[in-house]
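J.: Here you go, sequence then predicted model.
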Amino acid sequence: MQCTALIVDDEPLARVRMRSLLAPYSSEIEIVGEAASGAEAIEKIGQLLPDVVFLDIQLDDMDAFEALKALEEDMPLIVFTTAYDNFALRAYEENTVDYLLKPVEPARLEKTVEKLRKRLDQVSEENQLPENFSWDAFRQVMGAANNYLQRIQVKIGDRILLVNVDEIIRFQSEEKYTTVYTLSGPYVIDTPLVDLEKKLDPRQFVRIHRAHLVAIDYIAEIRKTDMGRLNVVLRDKDHSQLLVSRNFVKKVRSL
């Protein structure tokens, strides 16, 4: 396989990380450019004609679907990068190479590259999208994700910090307060865990205990204890282990 690629993400560090993740495939995938917005993506796709675009769904100036709608006449292959689960993407996965959930893991990207190899063998200029495909319909389905919290407000003195939901590893209920554990450290908020659970995407977070709500992407493994109970091991720096309540064992096993 030989192909050219464009990386589109409004976060500079995310673009750097994607370049790093793609480096092992440099003999097959040539990165010809980057774009930091939807408008820039449209312009560079037209100029560079990449074979595949690694495309963030949420961009500052427009969402990915607005950008793609402008490219229906000359559509490259698309690999979505997203903080959302694949519940909506599955409905249209025949029209995309793959989706990658952030934070992107190297092993997951390897599967995407394999899918890309197969698609490049099959794709033709005349048949990039099915005749009945509609980006408007795709966008409408994805819009359901906007009903859930995208960020949490944390009060620190006279400041209000906005924490993106995809940076949150877990929530822990502690008496009248809830501790939010993130990649950068813990924060305390006064929203009860039961209220948070109702506002968060159930495809992103799972309740494992009366006191614990965990981000599914940050669960590294499920481990059985000597007593026959289940623990989840997290992908945080401490490799935290949390006990799964018997009431939530079935839900955790179904992940």
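T.: Here it is on my side, so go on.

J.: ok, which stretches of this structure are helices?
T.: 12-22, 38-48, 64-69, 106-122, 135-142, 193-199, 249-253 (DSSP state H).

J.: Output the lowest mean pLDDT helix or strand found in this protein.
T.: Counting by mean pLDDT, DSSP states H and E, the weakest-scoring helix or strand in the chain turns out to be helix 135-142, with a mean of 59.

J.: Who are the contact partners of residue 103?
T.: Residue 103 sits next to 17, 217 when contact means CB atoms under 8 Å, 6 or more residues apart in numbering. All C-beta atoms are positioned from the backbone trio N, CA, C, and that covers glycine.

J.: re the thing from before, which one of the helices of the chain lies nearest to residue 161?
T.: The closest of the helices of the chain to residue 161 is helix 193-199. By CB to CB, the value is 16.3 Å.

J.: Buried residues of that closest one, list them for me.
T.: 193, 196 (16 or more other CB atoms under 10 Å).

J.: ok, now stretch 9-27?
T.: Using 16+ other CB under 10 Å as the test for burial, stretch 9-27 gives 9-10, 14-15, 17-18, 21-22, 25.

J.: Also stretch 52-66?
T.: For stretch 52-66, by 16+ other CB under 10 Å, it's 52-59, 62-65.

J.: residue ranges of the strands in the stretch 51-200 of the chain, please?
T.: 52-56, 77-82, 98-101, 151-156, 159-164, 168-174, 177-182, 185-189 (DSSP state E, counting those that start in this stretch).

J.: Can I get these in a markdown table including distance to residue 251 and mean pLDDT?
T.: Supplementary listing: the strands of the stretch 51-200 of the chain in a markdown table, determined by distance: least, CB to CB, whole Å; pLDDT from 0 to 100:
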| stretch | distance to residue 251 | mean pLDDT |
| --- | --- | --- |
| strand 52-56 | 30 | 92 |
| strand 77-82 | 23 | 87 |
| strand 98-101 | 19 | 83 |
| strand 151-156 | 23 | 90 |
| strand 159-164 | 25 | 91 |
| strand 168-174 | 15 | 93 |
| strand 177-182 | 20 | 94 |
| strand 185-189 | 24 | 93 |
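
J.: Output the buried residues of stretch 9-27 in JSON lines, with distance to residue 117 and pLDDT appended to each entry.
T.: As requested, the buried residues of stretch 9-27 are exported to JSON lines (distance: CB to CB, whole Å; pLDDT from 0 to 100):
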{"residue": "9", "distance to residue 117": "23", "pLDDT": "94"}
{"residue": "10", "distance to residue 117": "28", "pLDDT": "92"}
{"residue": "14", "distance to residue 117": "24", "pLDDT": "92"}
{"residue": "15", "distance to residue 117": "23", "pLDDT": "94"}
{"residue": "17", "distance to residue 117": "22", "pLDDT": "94"}
{"residue": "18", "distance to residue 117": "18", "pLDDT": "96"}
{"residue": "21", "distance to residue 117": "16", "pLDDT": "96"}
{"residue": "22", "distance to residue 117": "14", "pLDDT": "96"}
{"residue": "25", "distance to residue 117": "10", "pLDDT": "95"}
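
J.: With distance to residue 188 as new columns, can these be given to me in CSV?
T.: Listed next are these as CSV, based on distance: CB to CB, whole Å:
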residue, distance to residue 188
9, 31
10, 30
14, 28
15, 33
17, 29
18, 33
21, 34
22, 39
25, 43
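
J.: Farthest pair within the residues you listed?
T.: Based on CB to CB, the longest span within these runs between 10 and 25 and measures 23.6 Å.

J.: what sits against the nearest residue to residue 201 once chain neighbours are set aside?
T.: Of all residues not flanking residue 201 in the chain, residue 148 sits nearest, at 4.1 Å (CB to CB, 6 or more residues apart in numbering). Residues in contact with residue 148 (CB under 8 Å, 6+ apart) are 165, 199-201, 204.

J.: Lovely, talk soon.
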